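# can't give you the sequence, but here's the structure:
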């Protein structure tokens, strides 16, 4: 790698993996990686539906000496109809629905200069927008899955039984 910053991130990623392989939890690895790259400030982007979990993650980061700024998915949200969604396409037709606006969150954080950002529990697609607009290294602690208790890999583990239908073509 020619880019020194990318080379450093790659190297520290490998060191983090090696140091905690099968011993450290994901949250421990995030903190280890942050320390290795000299990060003292962490940003948390989270879904409104998992605000309690975001609070616990914040407490853990604070207890481990990090400065933390959290931002909820609905900050800077926009009406789903303004992006072209029809009323009948909403989760609850006939009602206002706010669309997460990760690029707005990114602008809210522009001055914060986080060394590591976490996109946690954002909806599919919203997380992609967040990563596209992130200016700091970003990672995920929790992947949102409303059906499986935010454990999407459970569908893979049970694809030979309960979720076997996932291997069938759509009808």
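Structure received. Values in this document were obtained by computation on a predicted structure and should not be read as measured data.

# Which pLDDT does the model give residue 113?
According to the prediction, residue 113 has pLDDT 53.

# meant to ask about residue 109
The predicted local distance difference test score for residue 109 is 54.

# what's the neighbour count on the residue lying closest to residue 55 once chain neighbours are set aside?
Leaving out its chain neighbours, the residue that sits closest to residue 55 by CB to CB, 6 or more residues apart in numbering is residue 70, at 8.0 Å. The C-beta positions use only the backbone N, C-alpha and C, and glycine is treated the same way. Residues contacting residue 70 under the criterion other CB atoms under 10 Å number 17.

# ok, now residue 56?
When neighbours are defined as other CB under 10 Å, residue 56 has 11 of them.

# So which bits of the strand or helix carrying it are buried?
Residue 56 is located in helix 51-63, with elements delineated by DSSP states H and E. Across helix 51-63, burial judged by 16 or more other CB atoms under 10 Å covers 53, 54, 57, 58, 60, 61.

# what's the average pLDDT for it?
93.

# In CSV: the buried residues of helix 51-63, plus distance to residue 6.
Output for the buried residues of helix 51-63, formatted as CSV (distance: CB to CB, whole Å):
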residue, distance to residue 6
53, 31
54, 29
57, 27
58, 29
60, 28
61, 25
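
# if we take those, which one ends up nearest to residue 5?
If you rank these by distance to residue 5 using CB to CB, residue 61 comes first, at 23.0 Å.

# Distance check, that closest one against residue 23.
20 Å (CB to CB, to the nearest Å).

# Can you show me the strands along the protein?
Listed in chain order, the strands found in the chain under DSSP state E are 41-46, 67-72, 78-79, 98-99, 116-120, 138-139.

# most tightly surrounded among these?
Most buried of the strands of the chain, by mean neighbour count (mean count of other CB atoms under 10 Å): strand 116-120, with a mean of 25.

# what's around residue 93, how many residues?
Using other CB under 10 Å as the criterion, residue 93 is surrounded by 10 other residues.

# Likewise for residue 137?
17.
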